[in-house]
Each structure stands twice: as structure tokens, then as C-alpha cells.
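Q: Return a 3D structure for these sequence lines:
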Amino acid sequence: MWFLLHFEKCSNRKLREWYNKRLKNHIKEPYDKNRKTALKMYDLVLSRQSDAIERAEKLMLMYDDEDKAYADKNPFTTVHQLVIALDKFVKNS
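A: Numbering: from 1, shown residues only. Okay, the predicted model is just below:
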């Protein structure tokens, strides 16, 4: 989900296979969690990070925090909160 948000808006409940197929369209190869793919993903998504953060924040607004447990929210991610926190260290160094 997080990687796909760098390339497009995702606001419908979908299965992991759907996300992987959409991601494959953008990265031109099957998505895999191995080191080679991870390094390629970093290069592809870094310039699109602000788009992904904006899209993730919009997804969060779809849910009331008291409405559902995180596991029941789909689509949903909080990875952008970690990225924002880590970016502060990069920008301050």
C-alpha cells in the first residue's frame, strides 16, 4: 500500500494481490521484498514521497480513530508518520 501511494491514489478496499499488480505496472517488474527490489524502490519513490504522504494523510481522514481498529481499516497506512519523523533527522544533518 505505502509504495503504491507514491504512484497513485488508492481509496478502495483491495487485496494484496491487487496492490502488487498495480505496483508492477509502475516499476515494470513484479514487486518482491528482496534487497534488489528494495534498492530499486527507494530510487523510484524518493522523488514522489510528498505525494505518498499527502495520499496517506487523506486515507487517515476517511476513518474516525474510535470507529475501527487499525487492522479493520482498509485501505490504511501509518508509514508516512514514520517517514515524516525520519525526514526530520535527514533535513537536520
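Q: Would you agree residue 24 is in contact with residue 18?
A: No: if you go by Cβ atoms under 8 Å, residue 24 and residue 18 don't touch, sitting 10.8 Å apart. Where you see a C-beta, it was placed from the backbone N, CA and C, and this is true even at glycine.
Q: where does the protein have low pLDDT?
A: For the chain, residues meeting the criterion pLDDT under 70 lie at 67, 91-93.
Q: Tell me which stretches of it form helices.
A: 16-27, 35-45, 49-60, 79-92 (DSSP state H).
Q: Compare the ones you listed and give me the one nearest residue 71.
A: helix 16-27 (14.0 Å; Cβ to Cβ).
Q: number of nearby residues for the residue lying closest to residue 84 once chain neighbours are set aside?
A: Counting by Cβ to Cβ, 6 or more residues apart in numbering, the nearest residue to residue 84 once its immediate chain neighbours are dropped is residue 53, at 6.6 Å. By the criterion of other Cβ atoms under 10 Å, residue 53 has 18 neighbours.
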